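Q: Only the shape, not the letters, is given here:
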Ligand code: ADP
Ligand code: ADP
């Protein structure tokens, strides 16, 4: 469970003279429970690829699948975390975490207990009734990750989740993400600009290049982290 495959993906935006070939013939996989990073310069198509796996966008060519089933729209089995605007400012921390469960029609008492359990695991239970604006950037992203995990997805998709954080907070978040990934046994597709971050976090890295966006190299990280 949680096997992602993108096969010969091509994405063209616009039409006529205004066409941009954002992604050309990209094939990638994420094995179950594998942590895979996509790195490359701005504009090489990382976000485009991730949004196809999320089901927010459709490829012009090729196909993206999860466990052999074509991805056509967003779904609870794929949690998504963005760099910013991940949380709804008008909802408390706990209501944010409950959001996906609410969408899935989970009853209130069950939602609340699930959200509180997850917040407890992330060390954030004390903040359940705070609003996002009352919290630091690192805490907001932790809650964003917790919220993405609330529906028990098989795949976690993250688009530069730590890009807006200072170096120190970023290092802490990398540790926290590693711990959560080990606890949840989940496949991860992670976008970053930061090669060091990708080496620290990943089992495998795809390096992309731009104009048009393609895969330039695939790196197996030689010392995978211990799995508990
Ligand atoms: P990255 O995430 O690597 O920075 P993106 O996937 O955001 O790259 O963008 C890849 C290319 O596609 C860029 O040239 C970008 O300008 C273009 N692009 C992305 N989204 C759109 C869109 N909705 N309409 C037109 N062009 C787009
Ligand atoms: P509960 O059933 O847990 O008591 P409520 O139904 O009273 O929660 O809603 C609590 C908050 O969640 C309200 O501020 C409401 O605006 C917000 N909310 C409920 N449904 C949605 C939704 N689909 N999208 C965004 N916010 C929502």
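A: Great, that's in hand. Here the structure is a predicted model, which is why all the values come from computation and not from measurement. Numbering: from 1, shown residues only. Ligands and ions are numbered 1, 2, ... in the order given.

Q: going forward, measure contacts and count neighbours with C-alpha atoms only.
A: Noted.

Q: Which residues of the chain lie near ligand 1?
A: The chain comes close to ligand 1 at residues 13, 22, 42-48, as judged by Cα under 6 Å from any ligand atom.

Q: go with 8 Å
A: 12-14, 20-23, 39-49, 191, 210-213 (Cα under 8 Å from any ligand atom).

Q: can you tell me which of those residues are in helices?
A: Within those, residues falling in helices by DSSP state H are 46-49.

Q: close enough to count as contact, residue 38 and residue 189?
A: Yes: counting by Cα atoms under 8 Å, residue 38 touches residue 189, with 7.3 Å between them.

Q: Which one of the two is surrounded by more residues?
A: Between residue 38 and residue 189, counting by other Cα atoms under 10 Å, residue 38 is the more crowded of the two (28 against 23).

Q: what about that one, distance to residue 125?
A: Distance of residue 38 to residue 125, given as Cα to Cα, to the nearest Å: 32 Å.

Q: Go through the lowest-mean-pLDDT helix or strand in the chain and flag the buried ones.
A: Counting by mean pLDDT, DSSP states H and E, the weakest-scoring helix or strand in the chain turns out to be helix 167-184, with a mean of 84. Judged by neighbour count (16 or more other Cα atoms under 10 Å), helix 167-184 contains these buried residues: 170, 173-174, 177-178, 180-181.

Q: Tell me what residue 187 is bridged to.
A: With DSSP bridges as the criterion, residue 187 is bridged to residue 155.

Q: I'd say it and residue 32 touch.
A: Yes: counting by Cα under 8 Å, a contact exists between residue 187 and residue 32, whose distance comes to 5.3 Å.

Q: so what sits against both of these two?
A: Shared contacts of residue 187 and residue 32, defined by Cα atoms under 8 Å, 6 or more residues apart in numbering, are found at 2-3.

Q: more neighbours, those two?
A: Comparing residue 187 with residue 32 by neighbour count (other Cα under 10 Å), the higher total belongs to residue 187, at 24 against 17.

Q: any idea how far that one is from ligand 1?
A: With distances taken as Cα to the nearest ligand atom, to the nearest Å, residue 187 is found 20 Å from ligand 1.

Q: Low-confidence stretches in the chain?
A: Within the chain, the stretches with pLDDT under 70 are 85, 224-228.
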